[in-house]
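Asker: got a predicted structure plus its sequence, pasted below:
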Amino acid sequence: MDAYILNTENNPVPKDILEAIKWKRENPALSRIGWDEVDGVTISTVFLVIDDAFLGDPKLFETCLFYGENGDGDSRVVDRYSTFDEAKIGHNQWIKKIRDGE
């Protein structure tokens, strides 16, 4: 299982799993890439710490949609990304999709 932290340039750096979990616990704000509420949908993009890909480039960032009041309803993962920049772009694309009713 591959684990990572983000350096000061928001680039993933491989670390031991225990170091990565400790980093995430000590840096919760750095793990959140975006959090927006649009038309009753909460769009959340986060740094996962653990690679979620089975093959290919690591998938270390994830966007989820949460439905319902205060995001306490159904949820679903909609995208995973390899880089911080991809995650920011993807998060903003989901904001636009929700606003456009897609």
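Answerer: Now that the structure is in, tell me what you want to look at. Numbers count the residues shown, from 1 in each chain.
Asker: C-alpha from now on. contacts and neighbour counts both.
Answerer: OK.
Asker: how far away is Thr63 from Lys88?
Answerer: 10 Å (Cα to Cα, to the nearest Å).
Asker: give me the common contacts of the two.
Answerer: Common neighbours of Thr63 and Lys88, counting by Cα atoms under 8 Å, 6 or more residues apart in numbering, are Thr45.
Asker: between the two, tell me which one has more neighbours.
Answerer: Thr63 (23 against 17; other Cα atoms under 10 Å).
Asker: strands of this protein, residue ranges please.
Answerer: 3-6, 12-15, 32-38, 41-47, 61-67, 75-81 (DSSP state E).
Asker: how about Ile17, nearest residue that isn't a chain neighbour?
Answerer: Ala3 (5.2 Å; Cα to Cα, 6 or more residues apart in numbering).
Asker: now Arg99
Answerer: Arg99 sits nearest to Val38 (Cα to Cα, 6+ apart), 6.6 Å away.
Asker: partner residues bridging the residue nearest in space to the middle of the chain?
Answerer: Closest to where the C-alpha atoms of the chain average out (Cα atoms, centre = their mean) is Val46, at 2.4 Å. For Val46, the beta-bridge partners are Arg32, Glu62 (DSSP bridges).
Asker: does it touch Ala29 like I think?
Answerer: No. The pair Val46 and Ala29 fails to qualify as a contact (Cα atoms under 8 Å) at a distance of 9.6 Å.
Asker: isn't Thr45 up against Leu30?
Answerer: No. Contact criterion Cα under 8 Å: Thr45 and Leu30 do not qualify, at 11.3 Å.
Asker: just want to know which of the two has more residues nearby.
Answerer: Between Thr45 and Leu30, Thr45 has the larger neighbour count (other Cα under 10 Å), namely 28 against 16.
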